[in-house]
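*Asks:* Sequence plus predicted model, see below.
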Amino acid sequence: MSLSSPSSRPFFGWHVVAATFVLATFGWGVGFYGPPVFLYAVVARTGWPVAMVSAAVTVHFLVGAVVVANLPRLYPLLGVPGVTMLGAALLGLGAAGWALAAEPWQLFAAVLASGAGWVGMGAAAVNALIAPWFVLRRPAALGMAYNGASLGGVMFSPLWIALIAAIGFVPAALAVGGVMVAAVVTLSVLVFRHTPESSNLGGTSDQ
């Protein structure tokens, strides 16, 4: 009898692609496609001017733009899985804040969290997670993972509307946020913490 060699194992990079696909689905579904739905839910709940709540949506994306420009500095400090989990926690907290805000300042505090958090699950995160595993097939791997963003729009926009109508904004935000954080933490522990250099999980790259 002979032991199977490590090279006979399935290439772990494809597990990373699948996990990143799920990450992108949540990231875009909550952080990108969520705020336009949240806008109407907040206005309906509070009666605040549409212009003011629209300004909060703008701040959400502006904060994201600032944070994503600094992700290369955060990754060496906290690690890619750590930044990803922190992003999910902030996005979940921010989504709950959108639903719970009783004063305008509370809404703007919530968008600081949601805006900072979602980019930790966005395009920069997808690239940072997949790039170490792929060389020759990196474009294909990235394309597969980015399809999660499209699924996030297709799935989450109607899901948000249905959940808010059925159970209310607060329970919907807490439920989706809780599932998202649990999923991202699980993926980070089981998949994202591994790197080609630190593991022997079926190849180091596709080069």
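*Replies:* It's in.

*Asks:* What count of nearby residues applies to Leu151?
*Replies:* Neighbours of Leu151 under the rule other CB atoms under 10 Å: 15. Heads up, the C-betas are built off the backbone N, CA and C, glycines and all.

*Asks:* separation between it and Trp28?
*Replies:* In this view, Leu151 and Trp28 are 8 Å apart by CB to CB, to the nearest Å.

*Asks:* what's the answer for Gly122, then?
*Replies:* From Gly122 across to Trp28, the span is 7 Å (CB to CB).

*Asks:* do Gly34 as well
*Replies:* 9 Å.

*Asks:* Same question for Tyr40.
*Replies:* 19 Å.

*Asks:* ok, back up a step: ok, Gly34 and Trp28, which is more surrounded?
*Replies:* The residue with more neighbours, out of Gly34 and Trp28, is Gly34; 28 against 24, by other CB under 10 Å.

*Asks:* wait, that one sits on Trp160?
*Replies:* Yes. Gly34 is in contact with Trp160 according to CB atoms under 8 Å; the separation is 6.1 Å.

*Asks:* quick one: contacts for Ala96?
*Replies:* Applying CB atoms under 8 Å, 6 or more residues apart in numbering, one finds that Ala96 lies in contact with 110, 170, 173-174, 177.

*Asks:* Show the backbone phi and psi for Phe32.
*Replies:* The phi and psi values for Phe32, taken as degrees, to the nearest 10, are phi -100, psi -50.

*Asks:* Can you give me the pLDDT of it?
*Replies:* You'll see Phe32 listed with a pLDDT of 96.

*Asks:* Apart from its neighbours in sequence, what residue is nearest it?
*Replies:* The shortest distance from Phe32 to any non-neighbouring residue, by CB to CB, 6 or more residues apart in numbering, is to Trp118 (6.6 Å).
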